[in-house]
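Engineer: What would the 3D arrangement of this be:
(one chain, ligands or ions: 2)
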Amino acid sequence: MNHTKAYSAASATSLLASTTIPRRDPTERDVQIEILFCGICHSDLHQVRNEWSTIMPTVYPIVPGHEIVGRVTKVGSAVTKHKPGDLVGVGCLVDSDHTCPHCQANRENLCPNQTLTFNSPDKHKTAPVTYGGYSNSIVVDEHFVLRVPTNLNLAGVAPLLCAGITTYSPLRRWGVTKGKKVGIAGLGGLGHMGVKISHALGAHTVVFTTSSKKKEDALRLGADEVVISRNSDEMKKHAGSFDFILDTIAAGHDVNAYLNLLAHDSTLVIVGAPEKPMSVSAFSLLMGRRNLAGSIIGGIAETQEMLDFCGKHNITADVEIIPTQKVNEAYERLVKSDVKYRFCIDMASLKA
Ligand code: NAP
Ligand code: ZN
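Structural biologist: Ligands and ions are numbered 1, 2, ... in the order given. Sure thing, here's the model as predicted:
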């Protein structure tokens with residue numbers, strides 16, 4: 001057993017603080033990684049504050065973080081994919097049952113027995129639950145360790161492991177391509193990746209934001225148009241016109257306002273995970289025979305495909321790099337949608 005420094009919260013109302021956590025010795029299938037950067041996803045904040053208590057109650061202490069990049073320090077005897085010195089990534093999943101129909105079809109994100117990177121029961125019993133990437137090292141089954149393209153900035157790669165795949169997967173699954181009109185609702189961590197990927201896929205990309213201050217940025221990130229979602233006249237101009245809308249909004253909002261912008265038979269996919277249920281009017285769906293769906297991260301092979309796509313198109317997240325000691329401040333800013341566009345922790349700061 002090894003021990004490593006980490007940043008954890010002791011309760012839903014505690015600030016995150018420095019601590020020490022156990023990590024297992026690598027088994028024959030494991031890869032041990034020195035973590036260099038870890039992105040801050042809004043899901044980290046939801047779970048630190050136990051906002052998803054009815055779906056996945058938080059076990060404390062919690063060490064969040066599932067947008068991990070680092071360097072391999074050790075591998076088990078049966079590991080073939082990675083070797084010491086390699087730059088690698090780990091996203092939201094660190095294990096699954098490997099046998100269910102979803103795992104067999106490379107959809108580990110749908111496996112009913114998956115192990116999330118943090119706040120999942122720890123099969124190895126190193127601790128009651130898994131501990132995430134706000135730490136200096138992690139040990140992960142090689143199947144869940146991704147190759148990182150060498151041409152990309154490492155801090156900007158970290159958020160691809162969650163924000164990147166969570167937007168790439170539905171954009172691909174629902175056939176976003178040149179000639180399609182695509183809406184991205186919410187310009188935060190997920191939203192700004194959605195814009196970059198939708199643009200790279202060649203779609204006409206429209207950003208919906210509550211903030212007029214983000215307009216210039218949205219255009220720079222690849223949007224063709226920007227709509228201020230609080231302006232109902234601006235919204236109405238797009239009624240019935242979208243082939244696809246990706247909803248990345250982290251708080252409660254009126255989904256009907258976006259459903260009404262879909263063309264007939266088109267789909268709105270929710271990836272944002274607000275704390276409270278939202279109401280949907282039947283008429284928003286039946287008029288125009290519209291579809292409402294959800295999506296959760298992506299499979300491991302698809303995550304590798306996304307990383308390779310980003311390598312080819314030179315896509316990384318726009319990051320504000322912070323030391324670990326600024327995590328609590330970053331959380332306060334995340335709640336206010338004041339992030340351009342992903343906080344990324346330089347994990348070397350935890351060693352100091
Ligand atoms: P984020 O960086 O905080 O971005 C969320 C954006 O939502 C904000 O920047 C803001 O955009 C918009 N927003 C926030 N409050 C709003 C409100 N009251 N009304 C309207 N818009 C509002 O969060 P994130 O990390 O991108 O995560 C977004 C959501 O996706 C979270 O709920 C997270 O838990 C979830 N998530 C889901 C998956 C999945 O697999 N499905 C994966 C990762 C994250 P504007 O300022 O542009 O209005
Ligand atoms: Zn995430």
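
Engineer: can you count the residues close to the residue of the stretch 1-150 of the chain found nearest ligand 1?
Structural biologist: Nearest residue of the stretch 1-150 of the chain to ligand 1: residue 42, at 3.2 Å (CB to the nearest ligand atom). For every residue, glycine as well, the C-beta is placed using N, CA and C. When neighbours are counted by other CB atoms under 10 Å, residue 42 registers 27.

Engineer: cool, residue 40 as well?
Structural biologist: Residues near residue 40, counting by other CB under 10 Å: 28.

Engineer: correct me, but it touches residue 346?
Structural biologist: No - using CB atoms under 8 Å, residue 40 is not in contact with residue 346, being 11.9 Å away.

Engineer: can stretch 183-200 be found next to ligand 2?
Structural biologist: No - using CB under 5 Å from the ion, no contact is recorded between stretch 183-200 and ligand 2, whose separation bottoms out at 7.8 Å.

Engineer: can you pull the buried residues of that stretch?
Structural biologist: For stretch 183-200, the neighbour count (16 or more other CB atoms under 10 Å) marks 183-200 as buried.

Engineer: so which helix or strand takes in residue 168?
Structural biologist: Element membership for residue 168 (DSSP states H and E) is helix 163-173.

Engineer: Likewise for residue 85?
Structural biologist: Counting by DSSP H and E, residue 85 is part of no helix or strand.

Engineer: ok, it touching residue 75?
Structural biologist: No - using CB under 8 Å, residue 85 is not in contact with residue 75; the gap is 10.3 Å.

Engineer: Can you check which residues contact both of these two?
Structural biologist: The contact sets of residue 85 and residue 75 do not overlap (CB atoms under 8 Å, 6 or more residues apart in numbering).

Engineer: Shouldn't residue 183 be within a strand?
Structural biologist: Yes - counting by DSSP: H, G, I helix; E, B strand; the rest coil, one finds residue 183 located in a strand.

Engineer: which residues touch the residue in the stretch 101-250 of the chain positioned nearest to ligand 2?
Structural biologist: Residue nearest to ligand 2 within the stretch 101-250 of the chain: residue 162 (3.2 Å; CB to the ion). Residue 162 sits next to 39, 41, 43, 66, 67, 91, 92, 297 when contact means CB under 8 Å, 6+ apart.
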